[in-house]
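Prediction below, plus the sequence it came from.
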Amino acid sequence: MRQLPVRMARWSARHAGRAIAGWFAFVVLCLVAGIAMGTNQATTEDFWVGEAGRAEAMATEGGLERSPTERIMIRARSGQLDTAAAGAAAQDVTARMRDLPEVESVAAPVRSEDGEVLLVSVVLNGPELEGKKNVVPLLEQTAAVGADHPDLVVEETGSPAISKGVNDQRGEDLALSERISLPVTVITLLIVFGSVTMAGVPLLLALSSIAAAIGLSMVASHVMPDAGVGMNLILLIGLAVGVDYTLFYLKRGREERARAGGRLSSEALVELAAATAGRAIVVSGLAVIVSTATLYLATDVIFSSLATGTILVVAVAVASSLTVLPALLVTTGRRTERLAPRRAARRAKRGKPARAGKPETGRVFGALLRPARTRPALTLCLSVLVMLGLAAPALGLKLVDPGKDTFSRDIPAMQVYDRLTGSFPELFVTHEVVSRSTPERAAEVKQALVDLGRRVQADPLFTERAEDAEPTVRTSADGRISVLELSVPHPAPSAEAIESLGHLRQDHIPATVGQLSGVETGVSGDVARGRDYVTHESDKLPLVLGFLLLMTFLMTVWAFRSVVIGAIGVVLNLLSAGASLGMLVLVFQGTWAEGLLAFDSLGAIASRVPLFLVVILFGLSMDYQVFVVSRIQEARQNGLSAREAVLEGINRSAKVVTSAAIVMVTVFGAFVALHLTEMKQMGFCLAVAVLLDAVVIRLMVLPSVLLLLGERAWWPGRPGRTERSQEPAAGQPAEVG
């Protein structure tokens, strides 16, 4: 593996035209293959977990699964509702909907308790997740009815319409994030390189890597179904790491060119960059891939989809850095070589000395490094205390599975949903009690479920029914499966709705249908799904986190041949992840920042966010760990003392690491402007983590620790001098990996 980047760079540099053409042919091939195969979307069954999943499986077995349902509301545009006009509109809606092939059935109109709203419920064909694809014709017919009855407001909502609205909003949000992050990325690269051509190379490779990864993810979905979230991560992570890897490679090439004083060819410089930055990119990419792969241990379709998208885009970004980037560097380098004499002549005429390879620290980085250089013990203590202080709020972390009640009210269907639940509060939440037995016991099970329905009427958390209304129990054709629906007049994330689920599972069911031996019973519904999902993730967290810590440690030990460096990497990553999670809880779990960041607090953190962020943050932190420590190791191998090597390595890497961090912070920070609270939380936490990692961890904590440990940091091995490179004026490659 040590020589692979050099060999690949050598071939790419010598066959630049073929390497560039081959890369873009690969990108096109990936896209064509992905489009040809299409995306295999996850089905409803892929999301089943816990008791709720088992209950849904039983209901599906009996043909009693939940069907996608739309609600059409009819109300007066002003004043009181005209009963005759509303009835005519309801008949129009019913007739139009029944003619649609997407519709299974249309219920009779129902009037709200205050008499101001008429409701028509429409059941769609197919499984629940298919509803958002089939809802467009229904929305068109609803709009047509509204146009034909101008004195009435005819509007539609329901899970399919809301899902479609969320998808549309997600697409708009991604376009917005691109409009924010791309210009800032370009400006940052222009400042770093001072050249439009050189600034365009990282962006070109990042975007082409994203395109290839999108195609590959479509192909991979036929092995692991896509949950609809992988695309977001490919764009988010792809732009960040794609630019970062190219940035590290390009900056190292520039540094070697300056150090050689123009005496080396572009091909030789590319090989030197491959031997140093190229190796570090491989190790860093492998670290991100290995750490992200631990998400598969969660056995969750969403995490698997996120892991697949991240792994693919990182792998493609690494491949682009090893294959086509050397060719692009040689191509642009030859142009630089042609212009070099003229630039040197102009500098000589102005009396300016020739540039030499020198530390790129500058005043700002020098000031940030000064505490660690002069007082490492004090700097270490204060920095760690600050990070622990930022992490403290994470101890109060609360998790919630965000459902439709948490979606942005900028979605029209969500505005209608709020009006719907205001007029029909019993539609907030429905608990579905599913029982399975033998056909001979169908009557016995049905009676027990009826008793359950009567029992919950004494519980104030459940919706009251009319005194003469009997609980309705649906039974499968073979008599084996029975379903009872119980409504709760509270939103799914509310404490009341969650408490009602606890009462149902722990008190009401054990006292009724739970008394029947040999009868399997479970509760599903929005609240049960959410609670069981949170429990499922909490149960998997120790396994995922344990493997993550182990793999991070082993990867670092393998890369640097040092147990101490491996342990330091794990601890620093924990500090970075903990501090960012603490900031996440501080900002999003309360209400004080709602106006500042334009979100409605859930009073908790979306259940998928912490586990995913810890895994991704460990991977991204390894990026900086590898690049900074490899420069320190390289300096040590070139004969510097332990202290000199630390300062030299930090000096050499500070500016480029910070430039890379600015790109990442910009890309992640753009997601804070999105509408979905879950995406806001992810973007905010990632941006804060990268900023803290690049500034506090890499410029203060890491150098302080290494300065205090000295030679002991490299135990059990001690990096000594290595063979000098055959190139006459090149920096010594580090033995990374």
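Okay, I see it. Since the model is a prediction, treat every value here as computed from it, not as a measurement.

Which parts of the stretch 1-150 of the chain are strands?
Secondary structure of the stretch 1-150 of the chain (DSSP state E, counting those that start in this stretch): strands at 69-76, 103-106, 110-111, 117-124.

Nearest to Leu613, out of these?
strand 69-76 (34.4 Å; CB to CB). C-beta here means a position set from N, CA and C on the backbone, and glycine is covered the same way.

Give the partner strands of that closest one in its sheet and their orientations.
strand 117-124 (antiparallel), strand 152-158 (antiparallel) (DSSP bridges).

For Val28, find the nearest of these.
strand 117-124 (38.1 Å).

Helices along the stretch 451-600 of the chain, start to end?
Using DSSP state H, counting those that start in this stretch, the helices of the stretch 451-600 of the chain run over 495-503, 509-511, 526-560, 563-588, 594-597.

Which residues does the very next helix or strand once past the last one contact?
Meaning helix 594-597. Next along the chain after helix 594-597, taking DSSP states H and E as the criterion, comes strand 605-606. Strand 605-606 has contacts (CB atoms under 8 Å, 6 or more residues apart in numbering) with 397-402, 584-585, 588-589, 677-678, 681.

could you dump these to TSV with neighbour count, pLDDT and distance to Arg419?
Output for these, formatted as TSV (neighbours: other CB atoms under 10 Å; pLDDT from 0 to 100; distance: CB to CB, whole Å):
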residue	neighbour count	pLDDT	distance to Arg419
Leu397	15	92	34
Lys398	12	90	29
Leu399	20	86	29
Val400	20	84	24
Asp401	23	81	24
Pro402	21	78	21
Leu584	24	95	32
Val585	22	95	33
Phe588	24	93	27
Gln589	20	92	29
Thr677	21	84	21
Glu678	21	83	24
Gln681	27	91	28
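
any low-confidence regions in this protein?
With pLDDT under 70 as the threshold, the chain has low-confidence stretches at 1-2, 129, 131, 261-263, 333-365, 466-468, 717-737.

my read: Thr677 touches Leu602, true?
Yes - between Thr677 and Leu602 there is a contact at 6.4 Å, judged by CB atoms under 8 Å.

so what sits against both of these two?
Residues touching both Thr677 and Leu602 (CB under 8 Å, 6+ apart): 402, 406, 588.

Please state the offset of stretch 634-647 from the chain centre?
38 Å (CA atoms, centre = their mean, to the nearest Å).

mind listing what's buried in it?
For stretch 634-647, burial by neighbour count (16 or more other CB atoms under 10 Å) applies to 634-638, 640, 642, 645-647.

Between all of those, which two are separated the most?
Longest span within the buried residues of stretch 634-647, CB to CB: Gln637 and Leu647, 15.5 Å.

Would you format the strands of the stretch 1-150 of the chain as a markdown table with mean neighbour count and distance to Leu176 included?
Shown next, in a markdown table, are the strands of the stretch 1-150 of the chain (neighbours: other CB atoms under 10 Å; distance: least, CB to CB, whole Å):
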| stretch | mean neighbour count | distance to Leu176 |
| --- | --- | --- |
| strand 69-76 | 23 | 29 |
| strand 103-106 | 17 | 35 |
| strand 110-111 | 16 | 39 |
| strand 117-124 | 22 | 31 |
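
State the distance from the nearest residue to Leu548 once chain neighbours are set aside to Phe424.
Leaving aside its sequence neighbours, Leu548 sits nearest to Thr294 (CB to CB, 6 or more residues apart in numbering; 4.7 Å). Counting by CB to CB, to the nearest Å, the gap from Thr294 to Phe424 is 44 Å.
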